[in-house]
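Participant: Provide a 3D model corresponding to the input given below.
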Amino acid sequence: MTPEEAALTVIETITQMASEQRPLMARVLPAEDVHFWKHYPDKDARDAKTKSRWYYHVHAPGQRDANEHGHFHLFLHRDQLIKGSQVAVMPPEGEKAKAHVTHLVALSVNTSGIPMSWFTTNRFVTNEFLYPAETMIKHLKLYNVDKTQEDELVNRLVTAMVALYREEIAELLRQRDVRQAELVAEHGPKGYEKDCGVEVLSSIPIDLDEKISALDLD
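Facilitator: Predicted coordinates for the structure are as follows:
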């Protein structure tokens, strides 16, 4: 998907959600009894073809930006990576870890259901198999969740957002690795995770109007 194709998909999906008066969060969360921190869907939205996945969750008030409703965590499955790709940091369970995924990036959504920022997280947040930024960047184009069993518009929006913001996500991943190296130097190879208390390693705001206006969509 080219940036232009991705932009058109983002416009189409957001416009359709608005016309149906069902914002993004209403398509992801149950109508009642939403729990803070819980993954929605329960076992993640998994693409049947690519194995890419996402889940959405909501932090308790006071533990998130005042304008944020919730955010997506986006993952590639290790099977999607080039054979022989070297893991930088393993989960404590090693190869016996339950989910063989690597965290790509997180997508924050405002209270109207519109994307508002991207961010990366410390490895312990998602208990991922952490790969170097340059490895992840090589595989950005493989992220696709169009074929999960969740809402079609949500799937397509998430896929398109990654395609539209590949350059920014690449830079975020590089910043993540720089910040991680700083934390390792300060706290040691084990303490840089939970002991230092740093969950977000890099972030950028999203301005969809500005991003799409910069493209030639005529």
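
Participant: could you tell me the end-to-end distance of stretch 180-200?
Facilitator: End-to-end span of stretch 180-200 (C-alpha to C-alpha, to the nearest Å): 10 Å.

Participant: what is the distance between it and the centre of its chain?
Facilitator: 21 Å (C-alpha atoms, centre = their mean, to the nearest Å).

Participant: so for it, what's the average pLDDT?
Facilitator: Computed over stretch 180-200, the mean pLDDT rounds to 84.

Participant: list the buried residues for the helix ranked longest in the chain?
Facilitator: Longest helix of the chain, by residue count under DSSP state H: helix 166-191. If you call a residue buried by 16 or more other C-beta atoms under 10 Å, then helix 166-191 has these buried ones: 166, 169-177, 179-180, 183-184, 187. From N, CA and C alone the C-beta is placed, and that goes for glycine too.

Participant: which one of these is nearest to K147?
Facilitator: R166 (20.2 Å; C-beta to C-beta).

Participant: who's in contact with that closest one?
Facilitator: Contacts for R166 (C-beta atoms under 8 Å, 6 or more residues apart in numbering) come out as P3, L140, K141.

Participant: and if you look at F119?
Facilitator: So F119 contacts H71, V105, A106, S108, L172, V200, L201, S202, S203, I204 (C-beta under 8 Å, 6+ apart).

Participant: give me the number of residues near the third one?
Facilitator: Using other C-beta atoms under 10 Å as the criterion, A106 is surrounded by 20 other residues.

Participant: buried subset of the contacts of R166 as a PyMOL selection?
Facilitator: Selection command for PyMOL covering only the buried members of the contacts of R166, criterion 16+ other C-beta under 10 Å:
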select buried, resi 3+140
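
Participant: ok, of the contacts of F119, which come out buried?
Facilitator: For those, buried by 16+ other C-beta under 10 Å: H71, V105, A106, S108, L172, L201, S202, S203.

Participant: in strands, which of the residues you listed fall?
Facilitator: When DSSP state E is applied, the buried ones among the contacts of F119 are split such that H71, V105, A106, S108, L201, S202, S203 fall in strands.
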